[in-house]
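1. next input, structure requested:
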Amino acid sequence: MKKQIELIVFPEKIYDQEFITNLSAKKLKINPKDIKAVRQLRRSIDARQNPIFKVLIEVFIGEPPSEYNQKYIYNPVDGKKKVIVVGFGPSGMFASLRLIELGIKPVIIERGKDVQTRRRDLRVLQQDHILNPDSNYCFGEGGAGTYSDGKLYTRSVKRGNVRKILEIFIQHGAQADIAIDTHPHIGSNKLPKIISAVRQTILNAGGEIHYDSRVTDFIMRDNKMKGIIVNSDQEYFADAVILAAGHSARDIFQLLHKNNIKIEAKPFAMGVRIEHPQPLINEIQYHTKIKPENLPPAAYNLNGKIDGKSVYSFCMCPGGIIVPAMTAPDEIVVNGMSMSKRDSPFANSGLIAEIKEEDWQKEHTDSIFGALHLQQKVEQKAFKLAAQSLSAPAQRATDFAEGKLSQTLPKSSYIPGLTSVRLDEELPSFIVKRLKKALKEFDRKMNGYYTDEAVLVGVESRTSSPIRVLRDRETFMHVEVEGLFPCGEGAGYAGGIVSSALDGENTADAVSNFLK
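-> Residues are numbered from 1 along each chain as shown. As a prediction, the model looks like this:
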């Protein structure tokens, strides 16, 4: 017999199986010896007062535990049906795995390098300030999520089977706890091995992966997508094309427009990254100067409406670092990441404002590329402010709100360094106005958030794609081009690893229906 119960467990006891077994027996009013196993199904932290874990427990009474995580089989494909997948980020990766499940061969075209080689380019970027436009924190095997934390929390539960996505990660080497924690996280140090294992699964099943392969044109006949041209001279043909190029593939947006493939500007968000000392965030969230045993570095999630527009924290990285996430040599973009242990002394998060059409039309009236041009302008200005180096423009949070230059800047995790700049004068005025108000409002929700120990680092601009590639709601196919399936965050239909993975799976299903 199995029963599910909810328990309240203090942090110091969360990994004590004997304690949890006895507590389960007490709640069920049975003898602990009758319990053959207990399994945690869901685990969350409630830190409103003294921090506790709320745990959903499955108790096996008089019977051994059953299998919990499903295993997925990827049988070899014969290649009779073949689909090009442009981009090997989460959406392209999970689209490819699903295609194999459906008996269809994926031919993956990735502009960047494999995940191990890509790591060397990131080291050169951080230490020598040399950017490879095709191999960086945004481009390369695994996509932008690989080296930006591996957070797997999503609200997109209605889009598909979230548990399947987590189980596939576990099957390829992720810790089983990601299926339990309310806010699962893998870590940028562990994701590369997991992605390498996914790559091997795809290759073992007969899929193809081509690195250092930039799409330079599409092969179309009578508004039907027949294939692509790579690196200007290599042609690939297939039964369909899944376009999963990522939110920073600006050349792909231009290429679509050149080929009269319908795209449109879409709302996005932009702002800065705010960094605090992690011990300060721990103290604010856990209400104690000493973090209790077994609790992770504290996180937060803040949001509000300023002048009718959303302002919120984004991609919060407890125990993390700020990294350079630009994709061109004349821009500064920052993002956050953390390792699996989250043991950096810093906490960082995006502090961003919603950007809508009335915002970008103030400076850029182009109806299609107006949002993208605003994004580019802010990034290029940040580069000039930082003396045309990878140093990032920065300002203490209090100085930003009060409108003065920071005479000193606090220590930061951003390896290329910070340059003191009046961000309050240099960012678009509508963003500055909203962020200033948000700092004070968020401090009311989280007392201590607004402090001179916090530094704002610019710019956080790649939160999502400023372009949407139009597709049919039912078929997932482009509204005008037969055989083209826009997919994932870069096409404007997802945000984050899990929602992108779900969109990849759903797109693969749609392709399969198209090919029947």
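2. only C-alpha atoms from now on, for both contacts and neighbour counts.
-> Will do.
3. just checking, what packs against the helix or strand of the chain with the lowest mean pLDDT?
-> The least trusted helix or strand in the chain, going by mean pLDDT, DSSP states H and E, turns out to be helix 357-360, with a mean of 90. Judged by 3 or more Cα pairs under 8 Å, 6 or more residues apart in numbering; DSSP states H and E, helix 357-360 is in contact with helix 370-385.
4. residue contacts, A491?
-> A491 makes contact with 243-247, 465, 467-470, according to Cα atoms under 8 Å, 6 or more residues apart in numbering.
5. correct me if wrong: I467 contacts H257.
-> No: in this structure, I467 is not within contact of H257 by Cα atoms under 8 Å, at 11.0 Å.
6. more neighbours: which of these two?
-> Neighbours were counted for I467 and for H257 using other Cα atoms under 10 Å; I467 has more, 25 against 16.
7. for that one, which non-adjacent residue is closest in space?
-> Once flanking residues are discounted, I467 sits nearest to A265: 4.6 Å by Cα to Cα, 6 or more residues apart in numbering.
8. and the one you found, what does it touch?
-> Residues near A265 by Cα under 8 Å, 6+ apart: 367-372, 466-468.
9. quick one on the thing from earlier: quick one: the least confident helix or strand of the chain to chain centroid distance?
-> Mean-position distance between helix 357-360 and its chain equals 25 Å (Cα atoms, centre = their mean, to the nearest Å).
10. turn the contacts of A265 into JSON lines, columns for pLDDT and distance to K341.
-> Listed next are those as JSON lines, based on pLDDT from 0 to 100; distance: Cα to Cα, whole Å:
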{"residue": "S367", "pLDDT": "82", "distance to K341": "44"}
{"residue": "I368", "pLDDT": "92", "distance to K341": "42"}
{"residue": "F369", "pLDDT": "94", "distance to K341": "40"}
{"residue": "G370", "pLDDT": "93", "distance to K341": "40"}
{"residue": "A371", "pLDDT": "94", "distance to K341": "37"}
{"residue": "L372", "pLDDT": "95", "distance to K341": "36"}
{"residue": "P466", "pLDDT": "95", "distance to K341": "33"}
{"residue": "I467", "pLDDT": "97", "distance to K341": "35"}
{"residue": "R468", "pLDDT": "97", "distance to K341": "36"}
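11. closest to A205 among these?
-> R468 (32.1 Å; Cα to Cα).
12. contacts only, for the closest one.
-> The contact partners of R468, by Cα under 8 Å, 6+ apart, come to 263-266, 490-493.
13. from the residues you listed, pick the one nearest Q380.
-> A265 (19.9 Å).
14. give the contact list for A501.
-> A501 makes contact with 90-95, 165, 488 under the criterion Cα under 8 Å, 6+ apart.
15. any idea which element R118 lies in?
-> Using DSSP states H and E, R118 maps to helix 115-128.
16. ok, and what's touching the least confident helix or strand of the chain?
-> Helix 357-360 is contacted by residues 266-267, 370-371, 374, 430 when judged by Cα under 8 Å, 6+ apart.
17. can you do 10 Å?
-> If you take Cα atoms under 10 Å, 6 or more residues apart in numbering as the criterion, helix 357-360 is touched by 265-268, 364-367, 369-375, 428, 430-431.
18. what subset of the residues you listed is buried?
-> The neighbour count (16 or more other Cα atoms under 10 Å) marks 265-268, 364, 369-375, 428, 431 as buried among the contacts of helix 357-360.
19. rank the residues you listed by pLDDT and give me only the lowest.
-> pLDDT across these is at its lowest for H364, which sits at 67.
20. start to end distance for stretch 402-421?
-> Stretch 402-421 stretches 14 Å from its first residue to its last (Cα to Cα, to the nearest Å).
21. next, the buried residues of it.
-> Those buried within stretch 402-421 under the rule 16+ other Cα under 10 Å are 404-406, 409-410, 412-421.
22. one more: stretch 187-205?
-> Under 16+ other Cα under 10 Å, the buried positions of stretch 187-205 are 187-199, 201-202, 205.
23. before we move on, what about stretch 324-331?
-> 324-327, 329-331.
24. same question, stretch 63-78
-> 65, 74, 76-77.
25. can you put these in CSV and add distance to P296 and pLDDT?
-> Output for the buried residues of stretch 63-78, formatted as CSV (distance: Cα to Cα, whole Å; pLDDT from 0 to 100):
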residue, distance to P296, pLDDT
P65, 28, 91
Y74, 35, 98
P76, 41, 98
V77, 43, 98
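26. helices or strands up against the helix or strand harbouring R43?
-> Secondary structure assigned from DSSP H and E places R43 in strand 35-46. If contacts are counted by 3 or more Cα pairs under 10 Å, 6 or more residues apart in numbering; DSSP states H and E, strand 35-46 sits against strand 2-9, helix 17-28, strand 52-61.
27. let's see it at 7 Å
-> Identification of packing neighbours for strand 35-46 by 3 or more Cα pairs under 7 Å, 6 or more residues apart in numbering; DSSP states H and E yields strand 52-61.
28. so how far is the strand it packs on from its chain's centroid?
-> With Cα atoms, centre = their mean, you get 29 Å for strand 52-61.
29. stretch 7-17 too?
-> Distance, stretch centre to chain centre, for stretch 7-17: 30 Å (Cα atoms, centre = their mean).
30. start to end distance for that stretch?
-> Taking Cα to Cα as the criterion, the two ends of stretch 7-17 lie 13 Å apart.
31. same deal with stretch 453-462?
-> First residue to last in stretch 453-462 (Cα to Cα) measures 25 Å.
32. below-threshold pLDDT in this protein: ranges please.
-> Applying pLDDT under 70 to the chain picks out residues 149, 156, 364-365.
33. give the buried residues for stretch 477-492.
-> Within stretch 477-492, the residues scored as buried using 16+ other Cα under 10 Å are 477-479, 481-492.
34. strands - which of those residues land there?
-> Judged by DSSP state E, the buried residues of stretch 477-492 include 484-486 as members of strands.
35. from the contacts of A265, which is closest to V157?
-> R468 (21.7 Å).
36. so that closest one is in which element?
-> Using DSSP H and E, R468 sits in strand 467-469.
37. in the sheet, which strands lie alongside that strand, parallel or antiparallel?
-> Using DSSP bridges, the strands paired with strand 467-469 are strand 263-265 (antiparallel).
38. how far does the partner strand sit from the chain's center?
-> Distance, stretch centre to chain centre, for strand 263-265: 22 Å (Cα atoms, centre = their mean).
39. next: stretch 355-374.
-> Distance, stretch centre to chain centre, for stretch 355-374: 24 Å (Cα atoms, centre = their mean).
40. no further queries at this time; thank you.
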